[in-house]
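> no sequence on this one, just coordinates:
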């Protein structure tokens, strides 16, 4: 058996690889059972998990208090501590979110397409689970429940690796989830959490655990996502940056543009769907630029602009080339004037991250071109970039936002945690 130092959370080096392979083998076995579980069984399990989280609240909050105390002692930022901290209300929200996932439609077994061939073969395309999903996350303990519940709903098994900051909290939540699974007759190994802080465990997950992992989902900062995308030997659902744009076109209503811009930038500055760059069409700059820039500044947002924007207000500071490619995650925005739609699209293609980009215009033709030609996971017309969220899409929840072009793109909810297979029905046909 692998040796685990429970006090530190570190496995002995010689045993870590085998420990992780064992987790992968158990997850694979659990995934085969999960793929056959009925919608009712999964929903009962999710309700049981929510109940166990509520019943174990005192234990989870005690473990979370230990994590928070350790983070304070380590000099972590107040922002990280806030993300890490649980209280009665936040923990109740975690349990409620698990129940809501259980109330979603079952994504497994959906008939995606069906057609008949000239030879009489009937062919169906049917949604099936992905298999085993590895989720690597940092300081938010709620991801333990969100990710585990989403994977379970889609008939998958999950291997969760929490960051060292949320290690105790995540272990306590995962323990409650395993209890809920067992009570419902599903394999407890369908949701496993890596029982070590050792960063080498991440490398082993990225290598695929000898076929034990089918997909990796990173939830965390840039350094984590960069490492995952660089080292993973299995597919990755992730985004590196959320460099989101709001383009105010010549056909934009000024009041609408101002409202959407302020919401896109300032509703929550620290999320990946927050706007980081404002582009204004030169054709409407004389009427729209100053009111938009002034609204941002008056709302407490720093503006870094090109020469046209600098001329609007002395509070604007010059934008560098790097500003056009910066995800601020703060009350800061870069702004420039562009020569029409083609220039706006070129700027987004050159500097954006293919996450979420918006156009504000009353011109249907202009909007149609923007939506067709901007190559981002989410494009919006006359709507805030902050709608880049699985809940807002009606997915119930999301495991993350993906900006890749394979399989899943945009909010990754339960449907995106499935793949498909073909069922071919014949009546004795052979191939000539």
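It's in. Everything numeric here is computed off the predicted structure, so don't read it as measured data. Numbers count the residues shown, from 1 in each chain.
> every contact and neighbour count from this point should use C-alpha atoms.
Fine.
> contacts for whichever strand or helix holds residue 17?
If you go by DSSP states H and E, residue 17 is part of helix 13-36. Applying C-alpha atoms under 8 Å, 6 or more residues apart in numbering, the set of residues contacting helix 13-36 from outside is 1-3, 128-129, 131-132, 152, 155-159, 186-192, 194, 201, 204-205, 209-213.
> immediately after that helix, which helix or strand?
Going down the chain from helix 13-36, the next helix or strand is helix 39-55, by DSSP H and E.
> now do that next one: distance to the chain's middle.
Once both centres are worked out by C-alpha atoms, centre = their mean, to the nearest Å, helix 39-55 turns out to sit 23 Å from its chain's centre.
> show me what counts as buried in the following helix or strand past it.
Tracing the chain C-terminally past helix 39-55 and defining elements by DSSP H and E, one meets helix 57-73 next. The neighbour-count criterion (16 or more other C-alpha atoms under 10 Å) identifies 57, 60, 61, 63, 64, 65, 66, 67, 68, 71 as the buried residues of helix 57-73.
> got the buried residues for whatever helix or strand comes next after helix 57-73?
Read in the C-terminal direction, the helix or strand following helix 57-73 is helix 78-84, with elements assigned using DSSP H and E. Applying a neighbour-count criterion of 16+ other C-alpha under 10 Å, one finds 80, 81, 84 buried in helix 78-84.
> picking that back up, so which of the contacts of helix 13-36 are in strands?
Residues from the contacts of helix 13-36 lying in strands, with DSSP state E as the criterion: 128, 129, 132, 157, 158, 159, 191, 192.
> beta partners for the first one?
In other words, residue 128. Residue 128 has the following beta-bridge partners by DSSP bridges: residue 419.
> burial check on it, number of neighbours?
Counted by other C-alpha atoms under 10 Å, the residues lying close to residue 128 total 23.
> can you pull the contacts of it?
By C-alpha under 8 Å, 6+ apart, the residues touching residue 128 are 35, 108, 109, 155, 418, 419, 420, 421.
> ok, it to residue 413 distance?
When distances are taken as C-alpha to C-alpha, to the nearest Å, residue 128 and residue 413 turn out to be 14 Å apart.
> bridging across strands, which residues link to residue 124?
Under the criterion used (DSSP bridges), residue 124 bridges to residue 114, residue 423.
> quick revisit: could I get the buried residues of helix 78-84 as a markdown table with pLDDT and distance to residue 175?
Conversion of the buried residues of helix 78-84 to a markdown table gives the following (pLDDT from 0 to 100; distance: C-alpha to C-alpha, whole Å):
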| residue | pLDDT | distance to residue 175 |
| --- | --- | --- |
| 80 | 85 | 24 |
| 81 | 92 | 23 |
| 84 | 93 | 18 |
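> among the contacts of residue 128, the buried ones, what's the ChimeraX command?
Buried residues among these (16+ other C-alpha under 10 Å), as a ChimeraX selection:
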select :35,108,109,155,418,419,420
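> how about the strands in the stretch 151-300 of the chain?
For the stretch 151-300 of the chain, the strands defined by DSSP state E, counting those that start in this stretch occupy 157-161, 191-193, 215-219, 244-248, 275-281.
> would you format the ones you listed as CSV with distance to residue 19, mean pLDDT and mean neighbour count included?
Conversion of these to CSV gives the following (distance: least, C-alpha to C-alpha, whole Å; pLDDT from 0 to 100; neighbours: other C-alpha atoms under 10 Å):
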stretch, distance to residue 19, mean pLDDT, mean neighbour count
strand 157-161, 13, 97, 30
strand 191-193, 12, 97, 26
strand 215-219, 19, 93, 24
strand 244-248, 41, 98, 32
strand 275-281, 43, 98, 28
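> if we can go back for a sec, list just the nearest of the contacts of residue 128 to residue 258.
Nearest to residue 258 out of the contacts of residue 128 is residue 418 (C-alpha to C-alpha; 39.3 Å).
> quick check: the closest one vs residue 363, distance?
Distance of residue 418 to residue 363, computed by C-alpha to C-alpha: 38 Å.
> then residue 132?
Applying C-alpha to C-alpha, the value for residue 132 to residue 363 is 46 Å.
> have a look at these two and say which one is more surrounded.
Comparing residue 132 with residue 363 by neighbour count (other C-alpha under 10 Å), the higher total belongs to residue 132, at 27 against 12.
> list the beta-bridge partners for the more buried one.
According to DSSP bridges, the partner residues bridging residue 132 are residue 157.
> wait, isn't it in contact with residue 209?
No. When contacts are counted by C-alpha atoms under 8 Å, residue 132 is not listed as touching residue 209 (10.7 Å).
> if we can go back for a sec, what inclination does the helix holding residue 17 have with respect to helix 39-55?
Computed by axes from the mean of the first three to the mean of the last three C-alpha atoms, to 10 degrees, the angle separating helix 13-36 from helix 39-55 equals 130 degrees.
> now helix 13-36 against strand 157-161, angle please.
Interaxial angle of helix 13-36 relative to strand 157-161 (the same axes, to 10 degrees): 150 degrees.
> centre of the chain to helix 13-36, how far?
Its chain's C-alpha centre and that of helix 13-36 lie 24 Å apart, by C-alpha atoms, centre = their mean.
> tell me which residues in that helix are buried?
Going by neighbour count (16+ other C-alpha under 10 Å), the buried part of helix 13-36 is 16-17, 19-35.
> what average pLDDT does it get?
Mean per-residue pLDDT for helix 13-36: 93.
> can you offset everything so residue one is 881?
Okay, using 881 as the starting number, the last item reads as helix 893-916.
> against residue 1013, how distant is the closest residue to residue 1092 other than its chain neighbours?
Nearest residue to residue 1092, sequence neighbours excluded (C-alpha to C-alpha, 6 or more residues apart in numbering): residue 904, at 4.3 Å. Counting by C-alpha to C-alpha, the gap from residue 904 to residue 1013 is 10 Å.
> are there residues contacting both of these two? Which ones?
In terms of C-alpha under 8 Å, 6+ apart, residue 904 and residue 1013 are both contacted by the residues 1039, 1093.
> and residue 1291, what does it touch?
Residues in contact with residue 1291 (C-alpha under 8 Å, 6+ apart) are 1268, 1269, 1270, 1278, 1279, 1280, 1281, 1282.
> and the first one, how far from residue 1245?
Yep, that's residue 1268 we're talking about. Computed with C-alpha to C-alpha, the distance linking residue 1268 and residue 1245 is 23 Å.
> compare those two (neighbour count), which wins?
Relative neighbour count places residue 1268 above the other of residue 1268 and residue 1245, with 23 against 9, counting by other C-alpha under 10 Å.
> please name the nearest non-neighbouring residue to that one.
Sequence neighbours aside, residue 1153 is the residue nearest to residue 1268 in space, at 5.5 Å (criterion: C-alpha to C-alpha, 6+ apart).
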